[in-house]
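Asker: My questions concern the predicted model and sequence given below.
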Amino acid sequence: MQTLTINGKDYQVDAPESMPLLWAIRDLIGLTGTKFGCGVAQCGACSIMIDGTVVRSCSTMVSQAIGKNITTVEGTSESLEALRQAWRNNSVPQCGYCQSGQLISAAELLDTNENPTDEDIDNAMSGNICRCGTYVRIKKAIKEAVELKKQA
Amino acid sequence: MKNIEMKRRDFVKILGLASGGLLFGCNVSADKLVVNTLEDGISFVPNLFIQLQKDGKVTIVVARSEMGQGIRTSMASAIAEDLEADWKYVTVQQATGDAKFGNQNTDGSRSIRTLLNPMRKMGAMARTILEQAAAKKWGVAVSSCKAENHFVKNSTTGDKIFFGDLVEEAKTIAIPTDAEIILKDKKEFKYIGKKVIRGIDMEDFLYGKANYGLDARLPNMKFASIARSPVTFGSVKSFDSSETEEVSGVEQVIQLDRLIPPAGQFFGMLGGVAVVANNTWAAFQGKNNLNIEWESGLNEAYDSEKFKEKLISRIQNKAKVVPPFRGNVDKAFKNADKVIEATYTMPHLVHAPMEVPNALAWVRDGKCDVWAPVQDPQTVRAEIAHFFGFAIDDITINVMLLGGAFGRKSKSDFVVEAVALSQKINAPVQVVWTREDDIQHSFYHAQNAQYLKGSLDEKGKVTGWLHRVAFPSITSSFKPMSNYIAGFELGMGFTNNPYNIPNLQIENAKAESHLRIGWLRSVSNIISGFGINSFVDELAVASGKDAIDFRLDLLGKDKISNEKSPHPFNVARLKNVLLEVKKLSNWEEKLPKGHGLGVAIHYSFYSYVATVVEVSVKSEKVNVENIYSVLDCGMYVNRDAVINQMEGAAIFGMSLTMFGKISTKKGAVEQSNFHDYQMTRMIDAPNIHVHLVDNEEDPTGVGEPGVPPISAAITNAIFNASGKRVRTLPLSEHGMV
């Protein structure tokens, strides 16, 4: 048994050694907000944070997260809440499926960069595919979240 | 499929809910103008519901699939509008697949087009009952009672009463007469045509709580991954699963035979070798460890590059002529001042929705329950009944949220697989496609080739137009050996060419299918949109005229076609979107060197779209800077969702123009994941500017019409920026991205 700490809560899992975190989180623990999109770290749908750094959970082993803090889309933080408000204000999602990963990637950006430029946003977000094509809104919402966070 | 007129007899009020609430129902069949009624003596089955609870909560049952187009929000807001509901009390319940709902197939951009009027009338009926209930309670004339934002107000006394507090009184009120059910005046709209503040699923999206097909869970459920033949319709010759069985979590390995659908309907399933495990990862690993020898079968020789050459050669010669015919093209070409010819090609494409195909099925006690992201739950149900022998009423299709679909999830093969497996293992099982499965075993958009020949007179007017096209038909997926394009496909831009050309001929050359062919967002309009808009641009260049002026002239005089259509084609509306996009894009403004604008127009799903794209070309690399799109879809419900759809359509069209290519060698698809079937990402996303035309016309399609003009608008812009004419997509094949 291993202990995974997700959004501040401990979960006991019995994951095979080769199992990526994505499947431990979705199938063993049952938190389904983190999404499967490609399995090879190409689309970003499965993005989570480990100790504040974004990783693609489909390509990260469970062992790499033991003793660390995992944040998924079910979690919260100042950046995540500002982003959520901006997502609401801009009606960002279409199908919504990739948005878990988009929010997590954007949260890391806001955590680490108080004034991201357009280029910073492009670089932080281009690992996340949105097949519905909501990029224009995601970008606008990130800029708005930066302001919301400053006001908070 | 015109918007349906609702009458009093179509409504019903249902009492006695356990919750003490009140349920209003009506019967509307989206594809039928005649509805079943009590008076007809046919059992009245209401299929559109509004439930009102004493706490004021309003629940609307939605029988269309949500895949990002916002239909759950739009349908709810259309009903809420005429109900005078306060949006904060509105929730939605997803309907299961059932014929009583009429056609539930969520495709063809038709939901709002066919259902707006019935939904509004339903809301108005319920509001009228609440106003009459308030009048009765207060003992006043109903004329002094007016519903407003979840209350009924008494205009004489100023009193007001909450909707929830009217539930008991409303139970005693009869269904209003047709004369009493009055739709709101458009000037009073709060939701229709406005921005609805909160999408119905927004909070669930933001906290990872939205339930997609892949999130369906049952106690003790199994997970399965299936190895399918690399060559379409190949079969298993033999397999060795010893290495699979060593994977921790793998429980069973089961061979599945292909299920061949009867001619003309259903999708069947490919068959293969299924690995059943207690988690998804183990199933994936187990599948990877299988050693399978395949019998490749008839499609083994399919090489898509060679097939492209074959299509190109076929369209150089006269092919099957299809109506309409106008004048005499040969004569026009003979007498022309200039004759222009061009050949255009596009490869196969795949939908690649972010959520892969998947389905959870549980067969037990003669019943079959399914939880899946499906666009067409009734076909799924009928298909399961056909292949597995269940009575239709013993099959329940729970429609989950769709993590994107774009046409892929209207084909139910992945559900059939799950049912077949559940039946074999006597347990609930979720079949999960890997991304590789999705890219390599889909129902593909057809590879295609088009030859166009046009003639100009000495004034630069188009006198003749020959359009020869070849691509494998979607019909081939339902009826093998269908080697010609079906009428419904030709009707997507080919035979309904909008231009006023005196001599016109359309021809269809043969094209066999060697993959499963299916519809993908806007379907054959992608092909006609690229071919026609590219060629008109080439003619405009040859005539020395401005690309927009040339098109306006070519569209001819304003007229409304008299085809037997629910929404006849109105050329003035197409010209109008073109003029609007000219303004929106500052068409006449001078651009920096290396930049160019390109224009395209397209009429599809009864909607009118004009798009201008600005590109820059530096060292042969294309960057899309701006996309300007104007849509005339008549009356629309959720303004912001419509704009979002147009933005998304621009990105979807851009992805396929820049990167979209599925190719085959020895019958097998060469691409496998997002590294070699690429998508436009944020770093390449342009600014997108959308303008919606406001008018009083009937609502028409929104989800698809934004896609068809994008490709040609991009390639026309590339020509204007660099002088290079791209006739073969995608751009990545030319080293341009």
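Answerer: Arrived safely, thanks for sending.

Asker: Identify the residue of chain B closest to chain A, quick one.
Answerer: residue B:208 (1.8 Å; Cβ to the nearest Cβ). Placement of C-beta: from N, CA and C, glycine included.

Asker: Helices of the stretch 151-300 of chain B, residue ranges please.
Answerer: Using DSSP state H, counting those that start in this stretch, the helices assigned to the stretch 151-300 of chain B run over residues B:167-170, B:202-206, B:242-245, B:280-288.

Asker: Kindly present those as JSON lines, with separate columns for mean neighbour count and mean pLDDT.
Answerer: Below are these laid out as JSON lines (neighbours: other Cβ atoms under 10 Å in any protein chain shown; pLDDT from 0 to 100):
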{"stretch": "helix B:167-170", "mean neighbour count": "18", "mean pLDDT": "89"}
{"stretch": "helix B:202-206", "mean neighbour count": "20", "mean pLDDT": "97"}
{"stretch": "helix B:242-245", "mean neighbour count": "15", "mean pLDDT": "98"}
{"stretch": "helix B:280-288", "mean neighbour count": "25", "mean pLDDT": "98"}
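
Asker: list the contacts for the residue nearest to residue B:666 when sequence neighbours are not counted?
Answerer: Distances taken as Cβ to Cβ, 6 or more residues apart in numbering or on different chains place residue B:300 nearest to residue B:666, at 6.2 Å, with adjacent residues excluded. Residue B:300 sits next to B:231, B:234, B:666-667 when contact means Cβ atoms under 8 Å, 6 or more residues apart in numbering or on different chains.

Asker: and with 10 Å instead?
Answerer: By Cβ atoms under 10 Å, 6 or more residues apart in numbering or on different chains, residue B:300 lies in contact with B:229-234, B:294, B:514, B:666-668.

Asker: where's the nearest residue to residue B:354 once chain neighbours are set aside, which helix or strand?
Answerer: Leaving aside its sequence neighbours, residue B:354 sits nearest to residue A:97 (Cβ to Cβ, 6+ apart; 4.4 Å). Assigned by DSSP states H and E, residue A:97 falls within no helix or strand.

Asker: burial measure for residue A:97, as a count.
Answerer: Neighbour count for residue A:97, taken as other Cβ atoms under 10 Å in any protein chain shown: 29.

Asker: before we move on, back to that, mind putting the helices of the stretch 151-300 of chain B into CSV with distance to residue B:412?
Answerer: Shown next, in CSV, are the helices of the stretch 151-300 of chain B (distance: least, Cβ to Cβ, whole Å):
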stretch, distance to residue B:412
helix B:167-170, 40
helix B:202-206, 25
helix B:242-245, 27
helix B:280-288, 21
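
Asker: Take these and write them to TSV, including distance to chain A.
Answerer: Shown next, in TSV, are the helices of the stretch 151-300 of chain B (distance: least, Cβ to the nearest Cβ, whole Å):
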stretch	distance to chain A
helix B:167-170	31
helix B:202-206	4
helix B:242-245	14
helix B:280-288	4
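
Asker: Tell me which of those sits nearest to residue B:191.
Answerer: helix B:202-206 (15.2 Å; Cβ to Cβ).

Asker: Can you tell me what sits against the closest one?
Answerer: With Cβ under 10 Å, 6+ apart as the criterion, helix B:202-206 contacts A:33, A:73, A:80-81, A:83-85, A:87-88, A:91-97, A:99-100, A:103, B:73, B:196, B:199, B:209-211, B:401.

Asker: Endpoint to endpoint, stretch B:155-164 covers what distance?
Answerer: Terminal residues of stretch B:155-164 lie 20 Å apart, using Cα to Cα, to the nearest Å.

Asker: who are the neighbours in contact with the residue nearest to residue B:354?
Answerer: Counting by Cβ under 10 Å, 6+ apart, residue A:97 touches A:35-37, A:45, A:130-132, B:67-68, B:205, B:210, B:212, B:214, B:353-355, B:373, B:401-404.

Asker: let's see it at 7 Å
Answerer: Taking Cβ atoms under 7 Å, 6 or more residues apart in numbering or on different chains, we find residue A:97 in contact with A:35, A:45, B:212, B:354-355, B:403-404.

Asker: tell me which of these is nearest to residue B:716?
Answerer: Residue B:716 has its nearest neighbour among these in residue B:404, at 28.5 Å by Cβ to Cβ.

Asker: isn't that closest one right next to residue A:95, touching?
Answerer: Yes. With contact defined as Cβ atoms under 7 Å, residue B:404 counts as touching residue A:95 (4.7 Å).

Asker: Please enumerate the shared neighbours of these two.
Answerer: Jointly contacting residue B:404 and residue A:95 under the rule Cβ under 7 Å, 6+ apart are A:132, B:67-68.

Asker: Narrow those to just the buried residues.
Answerer: A:132, B:67-68 (16 or more other Cβ atoms under 10 Å in any protein chain shown).

Asker: what's the neighbour count on the residue nearest to residue B:660 when sequence neighbours are not counted?
Answerer: Leaving aside its sequence neighbours, residue B:660 sits nearest to residue B:349 (Cβ to Cβ, 6+ apart; 4.7 Å). For residue B:349, the number of neighbouring residues by other Cβ under 10 Å comes to 24.

Asker: Now chain A against chain B: closest residue?
Answerer: In chain A, the residue that lies nearest chain B is residue A:33 (1.8 Å; Cβ to the nearest Cβ).

Asker: Provide a list of residues in contact with residue B:366.
Answerer: residue B:394.

Asker: Need the residues that contact stretch B:726-737.
Answerer: Counting contacts by Cβ under 7 Å, 6+ apart, the residues touching stretch B:726-737 from outside are B:342-346, B:534, B:620-622, B:656-661, B:711, B:715, B:718.

Asker: Any buried residues in it, and which?
Answerer: Neighbour-count burial for stretch B:726-737, counted by 16+ other Cβ under 10 Å, picks out B:726-731, B:736-737.

Asker: Could you dump the residues you listed into TSV with pLDDT and secondary structure added?
Answerer: Compiled in TSV, those are given as follows (pLDDT from 0 to 100; DSSP: H, G, I helix; E, B strand; the rest coil):
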residue	pLDDT	secondary structure
B:726	98	coil
B:727	98	coil
B:728	98	strand
B:729	98	coil
B:730	98	coil
B:731	98	helix
B:736	97	coil
B:737	95	coil
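
Asker: Counting by contacts, list what the helix ranked longest in chain A packs against.
Answerer: If you go by DSSP state H, chain A has its longest helix at helix A:135-151. On a contact count with 3 or more Cβ pairs under 7 Å, 6 or more residues apart in numbering or on different chains; DSSP states H and E, helix A:135-151 meets helix A:78-89, helix A:99-112, helix A:118-125.

Asker: Can you tell me which helices and strands the longest one packs against?
Answerer: It refers to helix A:99-112. strand A:47-50, strand A:53-56, helix A:78-89, helix A:118-125, helix A:135-151.

Asker: Residue 101: what's its closest spatial neighbour, skipping adjacent residues?
Answerer: No chain was given, so I picked chain A. residue A:47 (3.9 Å).

Asker: wrong chain, I was asking about chain B
Answerer: residue B:63 (3.9 Å).
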